[in-house]
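Participant: Turn this into a model:
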Amino acid sequence: MLADGRLLEQEFEAVLGATAAAQLGLGLGQTFLSSHGVELGFEPDEHDDPFTVVGILQPTGTPYDAAVFTTVESIWLVHDEHDGEEAVDEHGHEEDGTAVSDQVTAVLVKPINPSVATSIWQEFYVGTEAQAAFPGQELGGLFDQLRQAERVLTAVGYLAAVMAGLTIFLALYSATIAQEQGFAVMRSLGANRSAILQMVLWEALLVAVLGGVLGRVVGYSTAALIAENIAAQSAVPVLVRFQLSLEPFLWLLPLALAAVGGLYPALLAYRVNVIEKLFPS
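Facilitator: All right, here's what the predicted structure looks like:
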């Protein structure tokens with residue numbers, strides 16, 4: 001797991017993720033100062049105790065790549081100067097005078113059986129100083145929300161495909177009405193009705209193919225930009241990939257909609273009255 005160096009052995013040592021090391025420009029043996037406070041309008045609160053880089057992790061493709069790891073005892077020592085004091089810091093936070101030493105923000109507990117897990121959860125549920133949560137349950141709720149969002153986006157995609165089919169229909173219908181005289185001239189020059197019918201249908205299919213290609217270029221490019229932005233903001237990599245199993249369906253659906261949308265305009269062109277269009281009364 002380590003690309004270089006070693007793991008933590010004492011206080012004020014740090015192990016950096018691959019991305020963190022690259023972005024900060026830090027290597028083994030180099031030091032840095034920690035800070036906190038990202039509220040708008042306030043300067044970060046930088047501490048005077050330097051941390052020494054003793055290890056760099058291999059890239060994992062996870063948020064660990066952008067993380068900086070140190071011991072919890074180091075955090076206690078950094079904040080030890082505030083123990084027992086009451087003050088309002090430069091971020092506008094009121095200190096309650098509670099010692100920071102021996103405090104932690106989260107603890108992962110592995111119970112020996114489910115009943116013990118439930119007992120622990122109930123014990124913390126009635127209190128106000130801490131709370132307990134089942135990681136699997138919380139992740140399940142998150143995935144349920146993501147699945148609901150996926151269903152909504154899928155429905156929007158199908159609706160967009162139907163709207164595209166209606167757009168093709170209206171465009172071809174208007175074009176057919178405007179070109180009726182031209183179809184009549186083609187008929188008078190020897191073109192049969194089947195040729196005109198096929199020409200209008202092929203036009204509809206060509207529009208669908210060009211729209212599909214353009215839609216994929218724009219869609220995947222936009223998805224790649226969004227994925228890059230999410231990765232930069234959260235350090236969570238988002239993969240943009242082709243769904244090969246869905247590609248045949250994603251091509252057949254717009255082609256079918258285009259064929260249906262172009263059928264009525266094609267029939268109008270098929271039924272053009274040559275005499276009426278060339279020699280209007």
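Participant: Could you check the pLDDT of Asp89?
Facilitator: According to the prediction, Asp89 has pLDDT 47.
Participant: Then Ala99?
Facilitator: Predicted confidence (pLDDT) for Ala99: 51.
Participant: What mean pLDDT does the longest helix belonging to the chain get?
Facilitator: Counting by DSSP state H, the longest helix found in the chain is helix 135-178. Helix 135-178 shows a mean pLDDT of 86.
Participant: packing partners for the helix or strand following it?
Facilitator: From helix 135-178 onward toward the C-terminus, using DSSP states H and E, the following helix or strand is helix 180-188. Here helix 180-188 touches helix 193-234, helix 247-270, helix 274-278, going by 3 or more Cβ pairs under 8 Å, 6 or more residues apart in numbering; DSSP states H and E. The C-beta positions use only the backbone N, C-alpha and C, and glycine is treated the same way.
Participant: Turn these into a markdown table, columns for mean neighbour count, mean pLDDT and distance to Thr52.
Facilitator: Below are the helices and strands packed on helix 180-188 laid out as a markdown table (neighbours: other Cβ atoms under 10 Å; pLDDT from 0 to 100; distance: least, Cβ to Cβ, whole Å):
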| stretch | mean neighbour count | mean pLDDT | distance to Thr52 |
| --- | --- | --- | --- |
| helix 193-234 | 14 | 86 | 28 |
| helix 247-270 | 17 | 83 | 52 |
| helix 274-278 | 13 | 74 | 88 |
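Participant: Dump those helices to JSON lines, plus distance to Glu73.
Facilitator: Listed next are the helices and strands packed on helix 180-188 as JSON lines, based on distance: least, Cβ to Cβ, whole Å:
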{"stretch": "helix 193-234", "distance to Glu73": "28"}
{"stretch": "helix 247-270", "distance to Glu73": "54"}
{"stretch": "helix 274-278", "distance to Glu73": "91"}
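Participant: wait, which of these is closest to Ser174?
Facilitator: Nearest to Ser174 among these is helix 247-270; the distance by Cβ to Cβ comes to 8.6 Å.
Participant: now the closest one, how far from the chain's geometric center?
Facilitator: Centroid separation between helix 247-270 and its chain, computed with Cα atoms, centre = their mean, to the nearest Å, is 32 Å.
Participant: and it with helix 193-234, angle?
Facilitator: Angle, helix 247-270 to helix 193-234, by axes from the mean of the first three to the mean of the last three Cα atoms, to 10 degrees: 140 degrees.
Participant: Helix 247-270 vs helix 180-188, what angle?
Facilitator: 80 degrees.
Participant: Determine the set of other helices and strands touching helix 247-270.
Facilitator: helix 135-178, helix 180-188, helix 193-234.
Participant: what sits up against the shortest one?
Facilitator: Helix 180-188 is contacted from outside by Thr176, Arg193, Ala195, Ile196, Leu268, Ala269, Val272, Asn273, Val274, Lys277, Leu278, using Cβ atoms under 8 Å, 6 or more residues apart in numbering.
Participant: again, only this time at 10 Å
Facilitator: Contacts with helix 180-188, where a contact means Cβ atoms under 10 Å, 6 or more residues apart in numbering, come from 176, 179, 191-193, 195-196, 199-200, 268-280.
Participant: circling back: helices or strands up against the longest helix of the chain?
Facilitator: Counting by 3 or more Cβ pairs under 10 Å, 6 or more residues apart in numbering; DSSP states H and E, the packing neighbours recorded for helix 135-178 are helix 193-234, helix 247-270.
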